[in-house]
Structures are given as C-alpha cells and as structure tokens.
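In: Provided below for reference: sequence and predicted model.
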Amino acid sequence: MKNSRIISAIIAALIIFYFPSSIFAEETAAQTTTGEPEQDDSFKRYTLEYELDAYYSNAGIYLNLTDQPIPDAGDQEETDVYKKLFYSSLVPGFVVLEGAVFPMPCLGAILKKNAEDFYTKVKIGTDLNLIKAITAGTEEPYCLTLFLGNVIKFTRPGEEKKHGNFGYMGYLFSVGDYHIKDNELIADDWLEMEWKVKGDRNFLLHKLNWSYRVGVKLHSNNEITDIAYLSMRRSRIDYQASRASIIRNSGIEYKLDMELSTMQPVRHYLLIEKKIPWRKKKITTSIGLGFIWEGGRKYTGKLANKDEDEFQIMIQPNIQF
C-alpha cells in the first residue's frame, strides 16, 4: 500500500503539470486559426469509420438516431467542444458498434506461445524482457463495443476529411472472452461499462487526441479481480512547433484500477510519449516510456503474482500517419 501511495503522488504531480499546460497550449493555437467549418448538410443514417494503429485498431458503424447530419465543431477551442458534447449528450443521438483489436499485445501472446525460446532470450540485462516491455499494457486481445451518446465531427476549411475525426461523449459497453496476463491468454468472459469523453481531431499540421473515462470491469474468471477505474489520455502533435517541445509534441496516459469491493488501488498504468513530427513526410514517430504497477490483490489463486507487488517497465515505439 505504501508503494501505491508513492506512485499515486508522483503521477498526480505529472498530471497537474501536464494537463493544464497542454489544454492552454491547445486553446492558444486554436485562437490563431480562422474560418468556419465547412458545413456538410448531407444526411447519412449509417457511416463506416476505421483507425489503424500498432497498439489499437478498430472499425465501427455509426448509426444516427436523429434526422440531422453529424454536427461539425471545426477547430473550436477544446473546452467549447466539451460543453457542446455535454449538453447534447443528455439526449443520446448516436449508436456506434465497433470491433477493436490490439495488435502488439496479440503479438506478444503469439510469440510467447509459439516462439518461447526466442521470447525468453530477448532481454535487456537480466530482468527486462524486451518483448514484454514493448507489448505490455492492454489486458485483452480484442473486444466488441457499443456506444450510446452523441458524436460531433471535426473539419477545417480546405482540408480533406480524414477517418476518425470525431468527438464522443456517452456510455460505452465492451465485451470480450480473453484476458492477457504476462503475455498469456486467459479464458475470461468480461464486461466493461463506462462513461467516456473522447476526441480525435486530426488536421494537416496539427493533431490532438484525448480520452477521459470512468467505469467498472467485471470478470467471469474468479481469479481476476473486478475493478472500478479512472482513465485519462492526451496526445498532441504540432508540425509547426519544435520537435523538442514537451507540451506540443507529446502524450500522456494514466489509468488507475481499484478493487471494486474495497476501492483500494490494484493497478497503476502510466505511459509518457515523446512525439517526433516529420512535416515533409506527414508522419510522426514516437517513443513511449512508462510502467505498470500491480498490487497483490489484482489476481488470486493460480494467477496470483509471485511477489506482493509486480512492476513492469513499458517501452512503446510507434509511427503515426
């Protein structure tokens, strides 16, 4: 418990520093842009969207329950986007059915099962398994989700529409049948229910992604603890800013899992990313460094950790187009 409190204090300090600074920088940048979003009056009952990424890829069907096109927030200030989503979410207007897969965690499980000799030899020093460090984080290989809430889109005059340029606020229900622990697949029918605010605003010279979640996750496997959780993620890329900028070209993600019956911390997840934008090629390389702390009550029975606390370093290289 003492270790968990120390980790919580460190993470709180990072969040207090990073999030207000990042939001202020975003709103300052928004004030320099001009022009109203190009209004698309065409109504579509169904829309198909997809995203591809080494750590999270998905495809979804958007069902519009209203008779109006998806509202366009353009490049409004971030706080205005939150307000617009909040007021409209009181009466849900969209259903989104999505399938997601987590490629790198799946790769880790495949390598450990089918190439164990190679898996065990790829180490830094004597303790850090490089494959586990690169693929750790997500606790499931795939999932199906149902979102009920409201959606807005982001466009900018003169720029081509990109997939996934949406903001969301509402309720999300996710299901799956496997859990990942130490790069091993464990049979587990699980259900996750959460309230979520998410946005992906990807323009030609500027990208901003955010996600704030609170929810519960229930497991059919009795050796995996049911949890309540808080999660926040924020990522920013600015092709016009210095590559060395900590605020304008970086990302942070934090998730706190608490045992549902006691509300005591059982897992901390923290990942900090440095983004390196390449303006001419319109790509961004990144390296994420972080850790996962798991308390002794995260798992029980045969799945229980050998030590009371488990600590895992994460190293996540990635490329974004």
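Out: Cool, got the structure.
In: Which parts of the stretch 101-250 of the chain are helices?
Out: Remark: helices assigned in the stretch 101-250 of the chain by DSSP state H, counting those that start in this stretch are 103-114, 116-121, 130-135.
In: tell me the most buried of those?
Out: The highest average neighbour count among these, using mean count of other C-beta atoms under 10 Å, belongs to helix 130-135 at a mean of 20. (Glycine included, C-beta is placed from N, CA and C.)
In: Need the contact partners of that helix.
Out: With contacts defined as C-beta atoms under 8 Å, 6 or more residues apart in numbering, helix 130-135 is touched by 104-105, 107-109, 111-112, 119, 122-124, 182-183, 312-317.
In: Count the neighbours of the closest residue to Lys161 other than its chain neighbours for me.
Out: Nearest residue to Lys161, sequence neighbours excluded (C-beta to C-beta, 6 or more residues apart in numbering): Thr155, at 6.1 Å. Residues lying near Thr155 (other C-beta atoms under 10 Å) number 20.
In: What is the neighbour count of Tyr178?
Out: Neighbours of Tyr178 (other C-beta under 10 Å): 19.
In: out of everything not next to it in sequence, what's closest to it?
Out: The spatially closest residue to Tyr178, leaving aside those adjacent along the chain, is Leu185, at 4.9 Å (C-beta to C-beta, 6+ apart).
In: Tell me who's in contact with that neighbour.
Out: Leu185 touches 109, 113, 141, 178-179, counting by C-beta under 8 Å, 6+ apart.
In: In the stretch 201-321 of the chain, what residue spans correspond to strands?
Out: Applying DSSP state E, counting those that start in this stretch to the stretch 201-321 of the chain gives strands spanning 206-219, 227-238, 250-259, 265-278, 283-294, 310-320.
In: Turn the ones you listed into JSON lines, including distance to Phe147.
Out: What follows is the strands of the stretch 201-321 of the chain, written out as JSON lines (distance: least, C-beta to C-beta, whole Å):
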{"stretch": "strand 206-219", "distance to Phe147": "12"}
{"stretch": "strand 227-238", "distance to Phe147": "16"}
{"stretch": "strand 250-259", "distance to Phe147": "19"}
{"stretch": "strand 265-278", "distance to Phe147": "22"}
{"stretch": "strand 283-294", "distance to Phe147": "26"}
{"stretch": "strand 310-320", "distance to Phe147": "23"}
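In: Looking at these, which is nearest to Ile61?
Out: With C-beta to C-beta as the criterion, Ile61 lies closest to strand 206-219 of the strands of the stretch 201-321 of the chain, at 20.3 Å.
In: Return the mean pLDDT over that closest one, rounded to an integer.
Out: In this model, strand 206-219 has a mean pLDDT of 94.
In: just stretch 289-305 next, same as before
Out: For stretch 289-305, mean pLDDT rounds to 94.
In: What residues sit buried inside it?
Out: For stretch 289-305, the neighbour count (16 or more other C-beta atoms under 10 Å) marks 290-295, 297-299, 303, 305 as buried.
In: what's near enough to touch the most centrally placed residue in the chain?
Out: Centroid-nearest residue in the chain, with C-alpha atoms, centre = their mean: Arg233, separated by 5.9 Å. Arg233 makes contact with 209-212, 251-254, according to C-beta under 8 Å, 6+ apart.
In: One more pass at 10 Å, please.
Out: 198, 209-213, 251-255, 271 (C-beta atoms under 10 Å, 6 or more residues apart in numbering).
In: buried residues in stretch 222-237?
Out: Buried residues in stretch 222-237, counted by 16+ other C-beta under 10 Å: 224-225, 227-229, 231-237.
In: ok, and the closest non-adjacent residue to Asp238?
Out: Nearest residue to Asp238, sequence neighbours excluded (C-beta to C-beta, 6+ apart): Arg248, at 4.2 Å.
In: Kind regards, and thank you for your time.
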